[in-house]
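# Provide a 3D model corresponding to the input given below.
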Amino acid sequence: MTIQEMKKKKQEKGYSYAQMSELSGVPLGTIQKIFSGETVSPRYDTLHALEQLFAEPMVVREEVSYQVRSQGAYTIEDYRALPDDQRVELIDGVFYDMASPTFLHQKIAGEIYRQIANFILERGGACQPFVSPVDVQLDCDEKTMVQPDVGILCHDDKIKKWGVYGAPDYVLEIISPSTKRKDCTKKLAKYMEAGVREYWILDPYQQKLIVYFFESELCPIIYGLDEPVPIGIYDGALEIQLEHIKKWVEAEAASIN
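As a prediction, the model looks like this:
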């Protein structure tokens, strides 16, 4: 969808810039610069987040309408009844749209998964890493099903044929403008309450990593992408190297500018 088409849709729906920012998660100033023409080549993630506001299908913006239930009343049964090509997460009975990840997003997730998997394999570890899409029935109830970007599971009894039943030990989410609010607030609270031991939030565009190791008094800790970061559940024996990710992010930013 072009910017001109978005402007037309904005007028049709009567959205203000402030409403668009609230619904999409894109900063107000960024939206104003895009629609005024000051920003000539917006990032893909930003454009994609804005496009979701004007999409005509069933999934609209981050919160999703499905069938006739009210938000908060959906269940795992409703989740499993969705079409295969419709990617959503269910959190406390509310559906949230999961737009298809970008190439950079998947590249970052794959690199972090690779480092974790190599560490576990080389040491004959018992824990198992996984990378999205894997269904995680986080609270073991009928109201929440999430798909973390990367996870580590150290309890085999939680592994089911369809996915994971219960809280992983470690979770990583790579945020974008459209998911930032959900990953930094709602998911943070859900993961902590469910018993996830460690939660990483990677913001590639701000080039920072926020680490919540809930068993440590030093929580959270914020890292840049120019230093290795220890995984707390391994007492620092496993450090994730981020220099490649930093280069990929900078290369993408340079290509856009």
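# from V26, how far out is K9?
15 Å (C-beta to C-beta, to the nearest Å). Glycine gets a C-beta too; all of them are placed from N, C-alpha and C.
# and those two? Which one has more around it.
Counted by other C-beta atoms under 10 Å, K9 and V26 do not tie: V26 has more neighbours, with 26 against 17.
# wait, what's in contact with the closest residue to that one other than its chain neighbours?
Counting by C-beta to C-beta, 6 or more residues apart in numbering, V26 lies nearest to P177, which is 4.7 Å off, once chain neighbours are set aside. Applying C-beta atoms under 8 Å, 6 or more residues apart in numbering, we find P177 in contact with S24, G25, V26, P27, T30, R43, D45, T46, A49, Y205.
# so where's the stretch 51-200 of the chain uncertain?
Counting by pLDDT under 70, the stretch 51-200 of the chain shows low-confidence ranges at 55-69.
# so which residues of it form strands?
Listed in chain order, the strands of the stretch 51-200 of the chain (DSSP state E, counting those that start in this stretch) span 88-91, 94-97, 128-131, 135-137, 150-153, 163-165, 170-174, 198-203.
# mind putting these into CSV with mean neighbour count and distance to L121?
Below are the strands of the stretch 51-200 of the chain laid out as CSV (neighbours: other C-beta atoms under 10 Å; distance: least, C-beta to C-beta, whole Å):
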stretch, mean neighbour count, distance to L121
strand 88-91, 23, 29
strand 94-97, 21, 33
strand 128-131, 20, 9
strand 135-137, 23, 22
strand 150-153, 25, 13
strand 163-165, 18, 20
strand 170-174, 26, 16
strand 198-203, 23, 20
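# so which of the ones you listed gets nearest L104?
strand 170-174 (8.9 Å; C-beta to C-beta).
# for that closest one, name the packing helices and strands.
Secondary-structure packing of strand 170-174 (3 or more C-beta pairs under 8 Å, 6 or more residues apart in numbering; DSSP states H and E): helix 103-122, strand 150-153, strand 198-203.
# what angle sits between that strand and strand 198-203?
When axes from the mean of the first three to the mean of the last three C-alpha atoms, to 10 degrees is applied, the directions of strand 170-174 and strand 198-203 differ by 10 degrees.
# partners of strand 170-174, with directions?
strand 150-153 (antiparallel), strand 198-203 (parallel) (DSSP bridges).
# and the contacts of P177, which of them are in helices?
S24, T30, D45, T46, A49 (DSSP state H).
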